[in-house]
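1. dropping a prediction and its sequence here:
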Amino acid sequence: MGHVASKNSGGSSKDQRSAAREKVKAMQEAQRRKDRRTRALIISAGVVVAAVLITIAAVAITNVQQENAAKEANLGEVVVPPGATDAGGITVAGAAGAAQAPVVVQEYLDYQCPACKQFDLAVGPYLKDQVAQGSIELEYHPLGFLDQFSSGTRYSTRSANAAFCVAASDGGDIAAFSDTLYAEQPPENASGLPDEDLVRAATDAGAGEDVEQCITGETYSGYVADQSEKASEGSGDGPKIDGTPTVIVDGDVVQNPTLANVQAAVEGATR
C-alpha cells in the first residue's frame, strides 16, 4: 500500500510541474501579445503624431509662402501712405497750427544710419521744441538707402515702412517711434531689428492694432523704394539726396547740419 501511494504522489508532482510550465508559457504568450499590442499602439501613435506634425509644417510653410508673396506684391506696388506729404515726408505732430508754421524743415534719414542717430541726439531735441512752439513744421523722410548693410534683411526699407505705418495709424507718434529706433539701432552689417521689435516700438508709440499687419506685410515698402530712388536721382518733388542725414530748411540744404548750423538756418528763415 505504501509503495502504491508513493507512485501516485510522483505522478501528481509531474502533472503539477507540467501544469506550471503550461501556465508559464501561457503567461509568456499573453505578455508577448500585450507587447505586440503596445508596439502597435506606439507605432500608430507615432504615425498620427508624424501626420499632425507634417500637417502643421505644411500649414506653416503655406502661411510663410503667402506672407512672402504678399510682401513681394507690396514691394512692387506703390501704395501712398495716408498723410504723406507731396515730397514723401511724414509731418511730426506738434502744436495746433504747426502744419501752417512759417518754416518747413525736412529731415531725410535712414534708421540704419549711425550719423542720423547722432544728428537726432544732437539736433532732434531742438527741432522737437520748435515744433512744440509752432515755430516750424518738421517732416521726416525715411529712406531705404542702406539695405545692403543689414545682412540681407533690408532693415532700412522695413524700418522706413514701419515709420509710415505708425504715421498712418490713429494715435501713432512718429517722433516717439523714431526715438526708439535710434535708441535700439543695430550696428551696420548686422541683421537689423526683426519685425516683432518694430511692431513693439510702434505700439509703444501709440499705434493701433492695425500697425502689425502693416509692418509685417510691408504695406508701404514699395512706396519707400520709390521715394528712395527718386531721392537718389532727384527726380521727385524733393531735392536730390546724396546721403543721410540731409536737412533742408525752407528749400535750402543745410551744409554740415550741426546744431548751430540748423539753428542759424531756422532763425534766418523766420526773419
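-> All right, it came through fine.
2. now do the host helix or strand of Arg200: distance to the chain's middle.
-> Arg200 is part of helix 195-204, with elements assigned from DSSP states H and E. Distance of helix 195-204 from the chain centroid (C-alpha atoms, centre = their mean, to the nearest Å) equals 7 Å.
3. which parts of it are buried?
-> Buried positions in helix 195-204, judged by neighbour count with 16 or more other C-beta atoms under 10 Å: 195, 197-199, 201-203. C-betas here are computed from N, CA, C, even on glycine.
4. which residues are contacting it?
-> With contact meaning C-beta atoms under 8 Å, 6 or more residues apart in numbering, helix 195-204 is reached by 158-159, 162, 165-166, 169, 172, 176-177, 180-181, 184, 193, 211-212, 215-216.
5. check which element follows it along the chain.
-> As assigned by DSSP H and E, the chain's next helix or strand after helix 195-204 is helix 210-216.
6. just the C-alphas of that next one, formatted as CSV.
-> Only the C-alpha atoms of helix 210-216 are listed here, as CSV (Å, rounded to 0.1, in the frame of the first residue of the first chain):
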residue,chain,number,x,y,z
ASP,A,210,-3.7,97.6,-37.4
VAL,A,211,0.0,98.5,-37.4
GLU,A,212,1.2,94.9,-37.0
GLN,A,213,-0.2,93.8,-40.4
CYS,A,214,1.1,96.9,-42.0
ILE,A,215,4.6,96.3,-40.7
THR,A,216,4.8,92.6,-41.3
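7. residues contacting that helix, please?
-> Outside helix 210-216, the residues that touch it by C-beta under 8 Å, 6+ apart are 67, 158, 161-162, 165-166, 168-169, 172, 195, 198-199, 202-203, 219-220.
8. if we can go back for a sec, which of the buried residues of helix 195-204 sit farthest apart?
-> For the buried residues of helix 195-204, the farthest-apart pair by C-beta to C-beta is Asp195 and Thr203; their separation is 12.5 Å.
9. re the thing from before, of the contacts of helix 195-204, grab the buried ones for PyMOL.
-> Selection of buried members from these for PyMOL, criterion 16+ other C-beta under 10 Å:
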select buried, resi 158+159+162+165+166+169+172+177+180+181+193+211+212+215+216
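10. please consider this matter closed, and thank you.
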